[in-house]
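Visitor: this one's structure only:
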């Protein structure tokens, strides 16, 4: 069998020429074996009806095997010639023939250096795409966080709106003014509480002295 990979022929036919020749060889060989079995069977039937025949089935089998070996040797020689002819004249694409799908290479030829430059540029573009995808993922995550913060802010605003409505229902006027008034009142209460605590301490000290 040929050792030439014949990759261009495989691209055109969809199979390697060597595979084709191997299948043809196996098909012929199987047919030869089957034919010899048929011949052996016919000989056994013919000799079985001959009176006084001293040829045994084992002898016929030995003769069949010898004849099969003889035929196989000659078949291999003939097939070798046939294989060489088919690979050269039938299953071979001439060097000057360009397949339709490869004509773009004839229109746009490039050197090894140009091909390497394209490979480097492609690698850079792939890295940029990966970086863009990573950035997009980060932006999406940040957007999700902003959505959560926005929802919390809307809850807070809704809470203030509810408080303002409550203040209006109870005649407290503007919510901002009411909130400022509550802040001032709270501060006054804190001052009063502090004053009471100081007076309480003084009274305790006075009682201790008494």
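Guide: Yep, that arrived. No experiment lies behind these values; they were computed from the predicted model shown.

Visitor: identify the residues contacting stretch 93-103?
Guide: For stretch 93-103, the external contacting residues (Cβ atoms under 8 Å, 6 or more residues apart in numbering) are 8-9, 11-12, 105-106. Every C-beta, even on glycine, is put in place using the N, C-alpha and C of the backbone.

Visitor: brain fart, stretch 135-155
Guide: Surrounding stretch 135-155, not a single residue is in contact under the criterion Cβ under 8 Å, 6+ apart.

Visitor: how far is that stretch from where the chain is centred?
Guide: Relative to its parent chain, stretch 135-155 has a centroid offset of 32 Å by Cα atoms, centre = their mean, to the nearest Å.

Visitor: check stretch 94-110 too.
Guide: Worked out by Cα atoms, centre = their mean, stretch 94-110 lies 31 Å from the chain centre.

Visitor: go on, stretch 193-204?
Guide: 79 Å.

Visitor: and what of stretch 88-105?
Guide: Distance, centroid of stretch 88-105 to centroid of chain: 33 Å (Cα atoms, centre = their mean).

Visitor: repeat that for stretch 77-96.
Guide: 40 Å.

Visitor: just the buried members of the contacts of stretch 93-103?
Guide: residue 9 (16 or more other Cβ atoms under 10 Å).

Visitor: report the two of the contacts of stretch 93-103 separated the most.
Guide: Spatial extent of the contacts of stretch 93-103 (Cβ to Cβ) is set by the pair 9 and 106 at 18.8 Å.

Visitor: now tabulate the contacts of stretch 93-103 in TSV and tack on secondary structure.
Guide: Output for those, formatted as TSV (DSSP: H, G, I helix; E, B strand; the rest coil):
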residue	secondary structure
8	helix
9	helix
11	helix
12	helix
105	helix
106	helix
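
Visitor: now the helix or strand residue 165 falls within: how far from the chain's centre is it?
Guide: Here residue 165 is covered by helix 112-169, with elements defined by DSSP states H and E. Chain-centre distance of helix 112-169: 27 Å, with Cα atoms, centre = their mean.

Visitor: distance-wise, check residue 82 relative to residue 162.
Guide: Distance, residue 82 to residue 162, by Cβ to Cβ, to the nearest Å: 97 Å.

Visitor: which of those two has more neighbours?
Guide: residue 82 (15 against 10; other Cβ atoms under 10 Å).
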